[in-house]
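A.B. asks: What follows is a predicted structure for the sequence shown.
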Amino acid sequence: MPPHTYHAPLPIVTPQTMGRIDAAAIGSGIEGYRLMLIAGSAISACVLEYYSEAVGAIVLCGPGNNGGDGYVAARYLAEAGMPVLLYSSIEPERLKGDAGRARADWSGPVYPLEELDCMPGYVVVDALFGAGLDRPIEGLIEETIAAITASALPVVAADLPSGISGRTGQVQGTALQAEHTVTFAALKPGHLLLPGAGCSGETHLVDIGIPRRVIDEHNEAMWRNDPALWGADLPVTGAAGHKYTRGHLCVFSGSFSHTGAARLAAHSALRSGAGLVTVLSPSSAVAANASHLTAVMLRKVEDQSDLDELLVDQRLGGFVLGPGFGIGEKLRQFALSIVKAGRSCVLDADGISAFSDGPEMLFALCRENPLNTVLTPHDGEFARLFPDLHADAELSKVDRARKAAERANAVILYKGADTVIAGPDGRVVINNNAPPWLATAGSGDCLAGIVGALLVQQMPPFEAAAAAAFLHGEAGKRAGEGLIADDLPDAIPPLTHYQSDNRGRG
Ligand SMILES: NC(=O)C1=CN([C@@H]2O[C@H](COP(=O)(O)OP(=O)(O)OC[C@H]3O[C@@H](n4cnc5c(N)ncnc54)[C@H](OP(=O)(O)O)[C@@H]3O)[C@@H](O)[C@H]2O)[C@H](O)CC1
Ligand SMILES: [K+]
């Protein structure tokens, strides 16, 4: 298969920055109302494409420019011959600026929201709130959302489903569930972070005429995960390559009854291109591991002196520590000596929980040996390691991951259906290719193995973590619904499929 050529990764911006982008575009001579006309026409086009059989459209307009988009969409839908019923949450005379102009250009009746009747066969256009939502929805609009939800009418949202914070993806009081969301110029975190991602349905990103240059000037170092970000950093196996040039990864096994996790990670690592993979096993588990391993090698590592001996071999480029290992002093000492030795280290599962009571020494060592460590917490593990960040309701998952990466001096791969990867330098990607059935026992062990494999193949850790999350998602899709973790390693796609020359990298 030929390598993909990607133009550019999709930037993600917060609604606050989007406001600045709008202002900059308008300041450079682009007329604001023109942006609204294109936005409204895109919403109308979405309705006509997906709901051409609808009896009509119920358009709900709010107090700001999101409502303005609704008036424009209503006009285009009516011009296309679709019956339109338009309801406003405020007296229409109060609309100002571009939204006021959009209202003036709408020649049909405007009904107060109180009169809304969710008639069967209609499609709802939600233009109540977009980027400007800044507090919980209550009162009449809350009741309206409840009525639409109860009616099960399909919803097309303008910019964001009303009630979803574009910055955090969190529900502000209550929120509409859209089948389609039409957004403008750039994705917002709320389209990709849960629960906003789920409420958005299918998200359509529309170019409304804001130059890419203006968006790039306001970039927040945040992208949707995409091979365009890391395709050029994927390891290339040249004709002269041999197994040592492809890196040697070691994966620690747990004790006798906890060996499967390490083997899943090890198998995934080999499938992700590591030249050699060795499972490091305590004596009690050597027999159990030996009976299951073929291409993966096996070595006894019982205690610190065994590990010290191993660390003398510079060819052992990286370690995966945590899956099935057990929480305790042994894990902490192993982790600290690996990081101290300047080796790549993926700390997963118990490898994270073991530091709940005092991660400072680990974080300090990571500072001395930057670009070596990747932490892969799920939400519970994140809460154990960064309780203050986890408890801060003001922070989005992106904010939490960023602050954690900065504090830990390590790459944070914050797992979930909306996995966020953050580097200590502030870069962030949000991954959105994981199918729901990827959430299965052992899936995280496979992911840790993929990260480790890419690290020992000399991929920089932020790119390695982002690529691993993406490959893991693709493997989940390839293995299909009903997969178990044992299926995942063999479903990892070939890396060459995603190699690129990175022309799009900004
Ligand atoms: N991105 C683009 O390029 C374009 C986007 N457009 C659309 O414009 C909106 C953003 O418009 P804005 O007017 O800034 O904000 P909203 O329409 O989302 O909200 C309007 C006001 O609503 C009030 N508010 C906020 N939360 C609540 C709440 N929970 N209950 C009641 N009222 C609420 C708030 O005003 P206050 O004075 O009451 O504080 C908001 O200011 C964007 O999403 C796009 O759809 C343009 O079309 C141009 C191109
Ligand atoms: K909306």
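C.D. replies: Nice, thanks for sending it over. Ligands and ions are numbered 1, 2, ... in the order given.
A.B. asks: Tell me where the stretch 151-300 of the chain has helices.
C.D. replies: Using DSSP state H, counting those that start in this stretch, the helices of the stretch 151-300 of the chain run over residues 189-192, 196-200, 212-217, 227-230, 260-271, 283-290.
A.B. asks: who does the longest one touch, helix- and strand-wise?
C.D. replies: Contact here means 3 or more Cβ pairs under 8 Å, 6 or more residues apart in numbering; DSSP states H and E; on that basis helix 260-271 packs against strand 248-252, strand 276-281, strand 316-321, helix 443-456, helix 488-491. In short, each C-beta sits where N, CA and C put it, glycine included.
A.B. asks: Same list (the ones you listed) but as JSON lines, adding distance to residue 181, mean neighbour count and mean pLDDT.
C.D. replies: Written out in JSON lines, the entries for these read as follows (distance: least, Cβ to Cβ, whole Å; neighbours: other Cβ atoms under 10 Å; pLDDT from 0 to 100):
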{"stretch": "strand 248-252", "distance to residue 181": "41", "mean neighbour count": "28", "mean pLDDT": "98"}
{"stretch": "strand 276-281", "distance to residue 181": "42", "mean neighbour count": "25", "mean pLDDT": "98"}
{"stretch": "strand 316-321", "distance to residue 181": "38", "mean neighbour count": "27", "mean pLDDT": "97"}
{"stretch": "helix 443-456", "distance to residue 181": "28", "mean neighbour count": "30", "mean pLDDT": "98"}
{"stretch": "helix 488-491", "distance to residue 181": "30", "mean neighbour count": "20", "mean pLDDT": "98"}
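A.B. asks: Alongside ligand 1, which residues does the chain contribute?
C.D. replies: 18, 22, 35-36, 39, 62-69, 129-137, 158-159, 184-185, 208, 210 (Cβ under 6 Å from any ligand atom).
A.B. asks: so what's the closest residue in space to residue 373 that isn't next to it in sequence up against?
C.D. replies: Spatial nearest neighbour of residue 373, excluding adjacent residues (Cβ to Cβ, 6 or more residues apart in numbering): residue 410 at 4.0 Å. Neighbour list for residue 410: 363, 366, 372, 373, 374, 375, 424, 461 [criterion: Cβ atoms under 8 Å, 6 or more residues apart in numbering].
A.B. asks: could the helices of the stretch 151-300 of the chain go into a markdown table alongside mean pLDDT, distance to ligand 2 and mean neighbour count?
C.D. replies: Putting the helices of the stretch 151-300 of the chain into a markdown table (pLDDT from 0 to 100; distance: least, Cβ to the ion, whole Å; neighbours: other Cβ atoms under 10 Å) gives the following:
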| stretch | mean pLDDT | distance to ligand 2 | mean neighbour count |
| --- | --- | --- | --- |
| helix 189-192 | 98 | 11 | 28 |
| helix 196-200 | 98 | 10 | 23 |
| helix 212-217 | 95 | 21 | 14 |
| helix 227-230 | 96 | 29 | 25 |
| helix 260-271 | 98 | 41 | 28 |
| helix 283-290 | 97 | 54 | 16 |
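A.B. asks: nearest to residue 252, of these?
C.D. replies: Evaluated over the helices of the stretch 151-300 of the chain, closeness to residue 252 peaks at helix 260-271, with 6.2 Å, by Cβ to Cβ.
A.B. asks: what is the orientation angle of that closest one with strand 316-321?
C.D. replies: Our comparison of helix 260-271 with strand 316-321, counting by axes from the mean of the first three to the mean of the last three Cα atoms, to 10 degrees, yields an angle of 140 degrees.
A.B. asks: Touching helix 260-271 from outside, list them.
C.D. replies: Residues from elsewhere that reach helix 260-271, judged by Cβ under 8 Å, 6+ apart: 249, 251-254, 277-279, 281, 289, 292-293, 295-296, 320, 323-324, 348-349, 442, 445-450, 452-453, 485-486, 488-490, 492.
A.B. asks: if we go to 6 Å?
C.D. replies: Contacts of helix 260-271 from elsewhere in the structure, counted by Cβ atoms under 6 Å, 6 or more residues apart in numbering, are 249, 251, 253, 277, 279, 292, 295-296, 320, 323-324, 442, 445-446, 448-450, 452-453, 485, 489, 492.
A.B. asks: Which positions within the host helix or strand of residue 399 qualify as buried?
C.D. replies: Under DSSP states H and E, the secondary-structure element containing residue 399 is helix 397-408. When neighbours are counted by 16 or more other Cβ atoms under 10 Å, the buried residues of helix 397-408 are found to be 397, 398, 399, 400, 401, 402, 403, 404, 405, 407, 408.
A.B. asks: Only alpha carbons, please: show that helix as CSV.
C.D. replies: Output for helix 397-408, consisting of C-alpha atoms alone and laid out as CSV, is shown next (Å, rounded to 0.1, in the frame of the first residue of the first chain):
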residue,chain,number,x,y,z
LYS,A,397,-9.3,16.8,30.2
VAL,A,398,-6.9,18.7,27.9
ASP,A,399,-6.0,21.1,30.7
ARG,A,400,-5.5,18.2,33.1
ALA,A,401,-3.3,16.3,30.7
ARG,A,402,-1.2,19.4,29.9
LYS,A,403,-0.6,20.3,33.5
ALA,A,404,0.2,16.7,34.4
ALA,A,405,2.8,16.5,31.6
GLU,A,406,4.4,19.7,32.7
ARG,A,407,4.5,18.6,36.4
ALA,A,408,5.8,15.1,35.6
